[in-house]
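Asker: Give the three-dimensional model of this entry:
(chains A and B)
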Amino acid sequence: MLRKKKECIAMLLAGGQGSRLKALTKNVAKPAVSFGGKYRIIDFPLSNCSNSHIDTVGVLTQYKPLILNAYIGTGRAWDLDSSDGGVFILPPYATESGAEWYRGTADAIYQNISFMDMYDSEYVLILSGDQLYRMDYRKMLRNHKEKGAEVSVSVMRVDWEDASRFGIITADGDGRIRKFTEKPKEPDSNLASMGIYIFNKDLLKKALIEDSEDPESEHDFGKNIIPKLLDEGNRLYCYEFSGVWKDIGTIDSYYETDMALLEDEPLFDLYSENFPMMSNSNIHPPQIIGPTGSVERCIVGNGARIFGTAIHSIISVDSYISKGAYVKDSIILPGARILKGARVVRAIIGENAVVTADSEFGCEDPDSEIAVMPGNDNVLVSIVGGGD
Amino acid sequence: MDRVIGLISANYDTPRLGELTQERTVASLPFGSRYRLIDFPLSNMINSGITTVGIITPYKYRSIIDHLGAGGDWSLDRRSGGLFILPGSIYGIKNAESKFLLRDISQNVIYFNRSPAPYIIITCANTICNVDYADMVESHIASGADITLAYSVATENNQNLTGIKVENGTVKGVTRGVNEGQEAFADTFIISRSLLLKIIEWYKAIDYLDFFEVLEEDFDKMDVRLYKFEGYVRSIATVSEYFRYSMELLNPLNFNELFTMGDLIRTKIQDAPPAKYTASAKVNNALIPAGCVIEGNVQDSILFRGVMVKKGAHIKNSIIMQACVIEEDAVIENAIIDRSNVITAGTVIKGTADSAYVQEKLGS
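Answerer: The predicted model follows:
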């Protein structure tokens, strides 16, 4: 197929189950988990791509992809439905030699080398689908070219005490990476890898092919590909990102990151217009705050109907809080219903879940675990019809 | 519904909407927090399964084209059928308020000629309702009528609505004005393509008249039937109606009839972030869309996208349109604030409950 040659395409890893998000990923892949009242986590990397003028994105899916696929649709919501690019859902597929699941992040890309060849870009940007951040990938690419790098790893400074939770990078003054240690016990640097890479495509291809033939490999970028390329003496550079970056991997980090949006001046600004975060879930009527309703320190999505009390909570699109119901310090996901007299405190109520009348869910105690009510299976109802 | 194409007539004005339609058309008048009037007929068409819709555009068409784009948000950016922008005629002064000017229809006869669909449903831009036209089409075909008019039962005496003279179940003509409880024309009718083409041919010489004026002498010879629209149906012709019908949406019964019980009313997708309410916000009985940031007090009011209500501001019984900023301690009561206005700190704007004060649209 003859196509216009691209400078850089993106491969977005969206196949993970996100088992640490427990009940939240019962029906959906981690990147499709609802966030911030109207978004899904994958909106952030997709919006970043769109805002960075990267118009070709392969999305690697595997775990419960139904909602994710429906949500991505044609990519139109992120202006990614261009005629010579677009968003491509890339699930595992069968070949003459059989069929296999993706065995790791690197294997997922390896199995789609032919997709990358189709566009034959100079560079490939590797992204994960489970992070909240706003990043202009063009700046990272510029840095990559200026340094003459073969691989760039986006990094962020973290607190020293947290450093042993990350993949830690040791670099020289020019940013050239000298050492990469996954979760070091005694870190000698506090530069953490964000799991965002730019590769020269030819080197990536070679590394992936070699990795696929290595029986010892776990086929993981952080564990295998990056350390091996480093050992071989390739030019790996880091690109230091400054801004807000949150990995939304656990219930606690999900809750904290989401609730941080309620601050008067949140670190992550959803309202910025020049690098907007886009989504595909907005065909709802306006929110109605009824005569018996009250809302304080909340973020509320369209289609929400509030006839009870909502304090310091995220009330997502299409949800319903009945008269006499009380919601505090909680996240109500799309389509959830809190019925009459129910009390929800420090809880996450899954998509389309119902909190029955006069029941209690969650616990005031600030040290208690966040209570999570799983969503209902028919989540599709709330997202289909986004204009396509 | 592949046997029906739609036509929305939007080439008319009403001076009684005053400043509200100074720089926009009736069709693009904002309504219900996030919609424009044309969203209602257009969504009804799509939700009924009609995939070919022509819109006769008015003279001041910038705002309407800006809103519609290529029709993608209504799933009308299609290869077969889709959205057709049809140029409206230049109307005479006498007929500026005519909703179905024959000349508008005849000038676009090519639209009807190109589609093989035997029926056409014609509606106007300012009837607010959420109905499935499919049932009306079925009733029209089953009855064998020449024309079927949709009506709703008038909820009040209203000189701006069109009444219908009915004898033995068939329509014998239309009148100006209705009384409470009478049949009010919902400005929506179904006609076969062949009859429409005949009417265009017959009355070429007087096509500067409204379709229903032209037919005045023909009701006796034709079989014109009625079809009832149930639920919330309103037609906006004046500022006072605009204000009153907007406020009616705060009643959850009306809100649900229009927005949650039927299919979704679609509109141009703006993708604003969710609305934010701070600790100082006090909101009661209000419609608020995404993109608003509320730090002050909002009561019995309707806000549009991107409105900022600063600390200590009081908004009561008012409509605040898109992108307005209501600064600290400003007081707004019984008013319509058109888009992009900044109401500076401490300003007091008050209309009366019977007559809302209208603050004109600013620039942009």
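Asker: Could you pull out the helices in the chain for me?
Answerer: Using chain A. Applying DSSP state H to chain A gives helices spanning A:43-51, A:66-72, A:105-110, A:113-119, A:137-146, A:201-212, A:226-231, A:251-259.
Asker: sorry, should have said chain B
Answerer: Using DSSP H, helices in chain B cover B:39-47, B:62-68, B:102-106, B:109-114, B:133-143, B:193-202, B:211-214, B:239-248, B:252-255.
Asker: ok and the fifth one relative to helix B:39-47, angle-wise?
Answerer: Between the direction of helix B:133-143 and that of helix B:39-47, the angle (axes from the mean of the first three to the mean of the last three CA atoms, to 10 degrees) works out to 70 degrees.
Asker: and helix B:133-143, how far out from the chain's middle?
Answerer: With CA atoms, centre = their mean, to the nearest Å as the basis, helix B:133-143 stands 22 Å off its chain's centre.
Asker: B:His314: how many residues sit nearby?
Answerer: Neighbour count of B:His314, defined by other CB atoms under 10 Å in any protein chain shown: 18. C-beta here means a position set from N, CA and C on the backbone, and glycine is covered the same way.
Asker: partners of it in the sheet?
Answerer: On the basis of DSSP bridges, B:His314 is bridged to B:Asn297, B:Val331.
Asker: Excluding chain neighbours, give the residue nearest to A:Ile306 in space.
Answerer: Of all residues not flanking A:Ile306 in the chain, A:Gly293 sits nearest, at 4.1 Å (CB to CB, 6 or more residues apart in numbering or on different chains).
Asker: my bad, should have said A:Asp79
Answerer: Computed as CB to CB, 6+ apart, the closest residue to A:Asp79 that is not its neighbour in sequence is A:Ser50, at 5.2 Å.
Asker: next one: A:Tyr197
Answerer: Residue nearest to A:Tyr197 in three dimensions, not counting chain neighbours: A:Ile126, with 4.3 Å by CB to CB, 6+ apart.
Asker: Next up, the contacts around the one you found.
Answerer: Applying CB atoms under 8 Å, 6 or more residues apart in numbering or on different chains to A:Ile126 gives the contacts A:Ala10, A:Met11, A:Leu13, A:Thr105, A:Ile109, A:Gly195, A:Ile196, A:Tyr197, A:Ile198, A:Phe199, A:Phe221.
Asker: again, but for B:Gln299
Answerer: Counting by CB under 8 Å, 6+ apart, B:Gln299 touches B:Lys282, B:Val283, B:Asn284, B:Asn285, B:Ala286, B:His314, B:Ile315, B:Lys316, B:Asn317.
Asker: Top of the residues you listed by number of neighbours, please.
Answerer: The contacts of B:Gln299, ranked by neighbours (other CB under 10 Å): first place B:Ile315, 30 neighbours.
Asker: Quick check: the gap between the residue in the stretch 51-200 of chain B that chain A sits nearest to and B:Gly231.
Answerer: For the stretch 51-200 of chain B, the residue closest to chain A is B:Asp73, as judged by CB to the nearest CB, at 5.1 Å. The gap separating B:Asp73 from B:Gly231 is 24 Å, by CB to CB, to the nearest Å.
Asker: who's more crowded, these two?
Answerer: Neighbour count, other CB under 10 Å: between B:Asp73 and B:Gly231, B:Asp73 has more, with 24 against 15.
Asker: B:Ala96 touches B:Asn11, doesn't it?
Answerer: No - under the criterion of CB atoms under 8 Å, B:Ala96 is not in contact with B:Asn11, lying 9.5 Å apart.
Asker: So which of these two has more stuff around it?
Answerer: Neighbours were counted for B:Ala96 and for B:Asn11 using other CB under 10 Å; B:Asn11 has more, 29 against 14.
Asker: Would you mind listing the residues in contact with the more buried one?
Answerer: By CB under 8 Å, 6+ apart, the contact list for B:Asn11 reads B:Ile56, B:Thr57, B:Pro58, B:Tyr59, B:Gly88, B:Ser89, B:Tyr91, B:Leu101, B:Asp104.
Asker: Same check on A:Ile168?
Answerer: Neighbouring residues of A:Ile168 by CB under 8 Å, 6+ apart: A:Phe180, A:Thr181, A:Glu182, A:Lys183, A:Pro184, A:Pro187, A:Asp188, A:Ser189, A:Asn190, A:Leu191, A:Ala192, A:Ser193.
Asker: Please indicate which of these are buried?
Answerer: The neighbour count (16 or more other CB atoms under 10 Å in any protein chain shown) marks A:Phe180, A:Thr181, A:Pro184, A:Pro187, A:Ser189, A:Asn190, A:Leu191, A:Ala192, A:Ser193 as buried among the contacts of A:Ile168.
Asker: Among these, which lie within strands?
Answerer: Assigned to strands by DSSP state E, the following of those qualify: A:Phe180, A:Thr181, A:Leu191, A:Ala192, A:Ser193.
Asker: got the contact list for B:Ile265?
Answerer: By CB under 8 Å, 6+ apart, the residues touching B:Ile265 are A:Pro285, B:Tyr35, B:Asp39, B:Phe40, B:Ser43, B:Asn130, B:Leu258, B:Phe259.
Asker: Let's check: the centremost residue of the chain is which one?
Answerer: Going with chain A. With distances taken as CA atoms, centre = their mean, the residue of chain A nearest its centroid is A:Asp130 (2.5 Å).
Asker: let's do chain B instead
Answerer: In chain B, the centroid-proximal residue (CA atoms, centre = their mean) is B:Asn126; its distance is 2.6 Å.
Asker: was I right about B:Leu303 contacting B:Val293?
Answerer: No - between B:Leu303 and B:Val293 there is no contact under CB under 8 Å: 10.5 Å.
Asker: Between these two, which is the more surrounded one?
Answerer: Taking other CB under 10 Å, B:Leu303 and B:Val293 do not tie; B:Leu303 has more neighbours (31 against 17).
Asker: circling back to that earlier point, tell me which of the helices of chain A lies nearest to A:Leu21.
Answerer: For A:Leu21, the closest of the helices of chain A is helix A:251-259, at 6.2 Å, according to CB to CB.
Asker: picking up where we left off before, quick one: least confident of the contacts of B:Asn11?
Answerer: Least confident entry in the contacts of B:Asn11, by pLDDT: B:Tyr91, with 71.
Asker: Number of residues surrounding the closest residue to B:Thr175 other than its chain neighbours?
Answerer: The shortest distance from B:Thr175 to any non-neighbouring residue, by CB to CB, 6+ apart, is to B:Gly163 (4.0 Å). Neighbours of B:Gly163 under the rule other CB under 10 Å: 20.
Asker: The closest residue to chain A within the stretch 101-250 of chain B and B:Leu76, how far apart?
Answerer: Nearest residue of the stretch 101-250 of chain B to chain A: B:Leu250, at 7.8 Å (CB to the nearest CB). Here B:Leu250 is placed at a distance of 31 Å from B:Leu76 (CB to CB).
Asker: and what of B:Ala275?
Answerer: Distance of B:Ala275 to B:Leu76, given as CB to CB: 29 Å.
Asker: Make a markdown table out of the buried ones among the contacts of A:Ile168 and add pLDDT.
Answerer: Shown next, in a markdown table, are the buried ones among the contacts of A:Ile168 (pLDDT from 0 to 100):
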| residue | pLDDT |
| --- | --- |
| A:Phe180 | 93 |
| A:Thr181 | 92 |
| A:Pro184 | 91 |
| A:Pro187 | 93 |
| A:Ser189 | 94 |
| A:Asn190 | 94 |
| A:Leu191 | 96 |
| A:Ala192 | 95 |
| A:Ser193 | 96 |
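Asker: If we ignore the residues flanking it in sequence, what's nearest the residue in the stretch 101-250 of chain A positioned nearest to chain B?
Answerer: Closest residue of the stretch 101-250 of chain A to chain B, CB to the nearest CB: A:Arg134 (12.7 Å). Nearest non-adjacent residue to A:Arg134, counting by CB to CB, 6+ apart: A:Phe275, 5.6 Å away.
Asker: Lovely, talk soon.
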